[in-house]
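1. 3D model of this:
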Amino acid sequence: MVAGLLFLALAYLAVGQAAVNRGGAQTAADAAALAAAQDVRDQLTGQWLKVLLDPAQWQAVLDGAAPLDDDPCGRAGELAGQNDARLTGCAPAGPLRYRAEVRTDKSVGHSVVPGTEKFRSTASATAEIEPLCTFELPPKGAGDAPARGAAKPDLPRLTCKDKVWDLDPDDPSGLPGPEDLFDVHLAD
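-> Modelled structure (predicted):
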């Protein structure tokens, strides 16, 4: 009877080890998905700054339709590695969503349950990039990009959550940053 109880205790320990390993995999997947989404957010902010003087292009950027300069999955792989896992998949799951899949570097370990020493946990997570800003385009022709040497056009007010931005392209310190334009969070 004591041997049976001891075996049950060791089996319970193996289940606990597997749960900890699975939790580590989920942490790595969450971090990787968030890293990819934050990288996309930062790149979209850069694209928005490039088209700042052409408000007609702003909505495409806020909708995630602007081209990205770099692959956001590189940063996702770094974060997975910092959490003792390898990135096994990383791809857009929509215009403003990124999905990451990981496998742990460490196995569950030796236990009374056969095969656990080779088992590595896997997990996936999806992060969303949520635009926080709205604006109204100026009347047709009023917001056109200026001709060379002409005065800069009046830019529409940008409302991001509860903050209103009166944009001045000559004052970069007064422009919204990535965290003002977009929120990044794990998808439900």
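2. residue boundaries of the strands in the protein?
-> 85-94, 97-104, 122-131, 133-135, 158-160, 163-165, 182-186 (DSSP state E).
3. What are the buried residues along the fifth one?
-> I take that to be strand 158-160. 158, 160 (16 or more other CB atoms under 10 Å). The C-beta positions use only the backbone N, C-alpha and C, and glycine is treated the same way.
4. Give me the contacts around that strand.
-> By CB atoms under 8 Å, 6 or more residues apart in numbering, the list of residues contacting strand 158-160 from outside reads 132-135, 164-165, 167, 176, 180-181.
5. Equivalent analysis for the third one, please.
-> With CB under 8 Å, 6+ apart as the test, strand 122-131 has contacts from 22, 25-26, 28-30, 32-34, 36-38, 40-41, 44, 62-64, 88-89, 93, 96-104, 181-187.
6. And the residue nearest the centre of the chain?
-> The centre of the chain sits closest to A37, judged by CA atoms, centre = their mean, with a distance of 1.7 Å.
7. Isn't it up against D183?
-> No - counting by CB atoms under 8 Å, A37 does not reach D183; the two are 9.8 Å apart.
8. Adding distance to D84 as columns, could you present the contacts of strand 158-160 in CSV?
-> Below are these laid out as CSV (distance: CB to CB, whole Å):
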residue, distance to D84
L132, 33
C133, 37
T134, 41
F135, 43
V164, 44
W165, 41
L167, 44
P176, 36
D180, 33
L181, 33
